[in-house]
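Engineer: Have a look at this prediction, sequence included:
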Amino acid sequence: MKLGVICDGISRNLPCAIDVMDEFNLEYAELQFVGDKEVGDHSAQEIRDIDQLLRDRGKPVSCLSRHVFAGLTIANTPGDEAHTKHLDALKRVIEMAHIVGSPLVRIMTNKKEQILWGHNGAEKWNVAHDAWDKTLTLIAPAIDVARAEGITLVVETGNGTMVNSNYTARKLIDDLDAKGVLKVLWDPANNCWCHERAFPDGYAEVRDGYLGHIHIKDVEVDTPRATLTVKKMGEGQLADQFAPLASALQADGYEGVVSFESVYHPGNGDFEGGFRACIDTFKAHFA
């Protein structure tokens with residue numbers, strides 16, 4: 001399996017992040033923040049420098065991961081100021097992707113409305129009416145841009161966004177008739193918040209040509225208390241699902257990259273220590 005890391009989880013200093021990648025034999029670089037800027041905000045010279053550094057160090061880019069569309073709500077409309085700002089940023093990230101050779105560019109979706117569909121009365125009293133259809137109108141222009149630019153987008157399953165499960169990610173792709181242009185960036189830990197079990201349930205939703213990229217971390221969610229705890233790999237609620245998930249990916253010939261998302265610290269703010277505490281377990285499952 002192709003293994004990588006979200007580099008700024010180690011350090012926003014890219015050379016330092018690459019040193020740690022070399023130490024643990026991680027090949028694929030996923031870029032989110034480099035230096036003090038998010039991807040899409042770097043100058044032309046800064047992008048050339050990033051590209052040269054990665055090529056010199058033998059680190060292909062797996063995905064450029066800006067928070068495109070994050071923070072929008074169903075009150076936004078296509079073409080309004082905020083939506084236009086995000087779409088313009090997406091175009092800049094795609095331009096960068098062409099230069100650094102990234103096959104994927106991440107998008108997010110707008111903020112979550114809790115109940116999208118309902119039955120036996122819920123459709124009248126509980127559903128956020130038209131929320132899903134409004135989401136489709138916000139995302140559709142990005143699909144047009146991706147098709148014109150010949151790039152593949154991946155929509156992340158976020159824990160506070162309209163797409164917060166593999167079910168909703170797949171439905172978004174189907175409803176936009178965008179299979180092949182838009183794929184799923186599956187973050188099984190984020191999906192824990194909406195109680196979608198990663199394996200076999202979540203994987204079954206995306207195994208048939210929908211899966212583009214994977215983030216791996218471990219968590220413990222307490223939805224009633226609105227509390228999320230990042231856990232050491234193998235000690236959270238995904239502990240019993242990593243092995244069967246990795247086996248299924250191998251058996252199905254998954255050709256994408258699995259990125260380790262280093263967001264754990266052991267309670268002292270030491271994220272590098274957290275990375276070192278988790279990375280061997282990550283590799284034991286997915287290498």
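Structural biologist: Structure received. Given the structure is predicted, the values throughout are model-derived calculations rather than measurements.
Engineer: Enumerate every residue touching E235.
Structural biologist: When the contact criterion is Cβ atoms under 8 Å, 6 or more residues apart in numbering, the partners of E235 are D218. Yep, even glycine has a C-beta here, placed from its N, CA and C like the rest.
Engineer: what about 10 Å?
Structural biologist: Going by Cβ atoms under 10 Å, 6 or more residues apart in numbering, E235 touches D218, E220, Y264, A277, C278, T281.
Engineer: what do you get for V34?
Structural biologist: 7-8, 11-14, 17, 41-42, 46-47, 49-50, 53.
Engineer: just the helices in the stretch 51-200 of the chain please.
Structural biologist: For the stretch 51-200 of the chain, helices defined by DSSP state H, counting those that start in this stretch occupy the ranges 81-100, 122-125, 131-149, 166-175, 188-191.
Engineer: Look up the closest residue to L72, ignoring the ones flanking it.
Structural biologist: Ranked by Cβ to Cβ, 6 or more residues apart in numbering and with sequence neighbours excluded, the top spatial neighbour of L72 is N110, at 4.0 Å.
Engineer: I'd say that neighbour and F69 touch.
Structural biologist: Yes - in this structure N110 lies within contact range of F69 using Cβ atoms under 10 Å: 6.0 Å.
Engineer: More neighbours: which of these two?
Structural biologist: Per other Cβ atoms under 10 Å, whichever of N110 and F69 has more neighbours is F69, with 27 against 24.
Engineer: Touching, the more buried one and H83? I think so.
Structural biologist: Yes - if you go by Cβ under 10 Å, F69 and H83 touch, sitting 8.0 Å apart.
Engineer: Find the residues that touch each one of these two.
Structural biologist: Common neighbours of F69 and H83 (Cβ under 10 Å, 6+ apart) are N76, N110, L138, A142.
Engineer: can you tell me which of those lies nearest to S102?
Structural biologist: Nearest to S102 among the shared contacts of F69 and H83 is A142, at 15.9 Å by Cβ to Cβ.
Engineer: Give me the neighbour count for the closest one.
Structural biologist: Using other Cβ under 10 Å: A142 sits among 25 other residues.
Engineer: D240 versus the nearest residue to K231 once chain neighbours are set aside, what's the distance?
Structural biologist: Computed as Cβ to Cβ, 6+ apart, the closest residue to K231 that is not its neighbour in sequence is D218, at 4.5 Å. Applying Cβ to Cβ, to the nearest Å, one obtains 11 Å for the distance of D218 from D240.
Engineer: Comparing the two, which residue is more hemmed in?
Structural biologist: Shown here are D218 and D240; by other Cβ under 10 Å, D218 has more neighbours (25 against 10).
Engineer: and that one, what is it in contact with?
Structural biologist: Neighbour list for D218: 188-189, 192, 229-239, 241-242, 261, 264, 278, 281-282 [criterion: Cβ under 10 Å, 6+ apart].
Engineer: do the same with L228
Structural biologist: By Cβ under 10 Å, 6+ apart, the residues touching L228 are N159, A189, N190, C192, W193, V219, E220, V221, D222.
Engineer: mind redoing it with 8 Å?
Structural biologist: Applying Cβ under 8 Å, 6+ apart, we find L228 in contact with N159, W193, V219, E220, V221, D222.
Engineer: Then D133?
Structural biologist: D133 neighbours (Cβ under 8 Å, 6+ apart): none.
Engineer: how about a cut-off of 10 Å?
Structural biologist: I74, L116, D175.
Engineer: Is T229 in contact with V263, as I believe?
Structural biologist: No - contact status for T229 versus V263: not in contact, 11.1 Å apart, counting by Cβ under 10 Å.
Engineer: Those two - which one has more neighbours?
Structural biologist: Ranked by neighbour count (other Cβ under 10 Å), T229 and V263 place V263 first, with 16 against 12.
Engineer: A helix includes the more buried one, no?
Structural biologist: No - counting by DSSP: H, G, I helix; E, B strand; the rest coil, V263 is not part of a helix but coil.
Engineer: Now do the contacts for it.
Structural biologist: V263 touches I6, G9, A189, H215, K217, V219, V230, F271, G274, F275, C278, counting by Cβ under 10 Å, 6+ apart.
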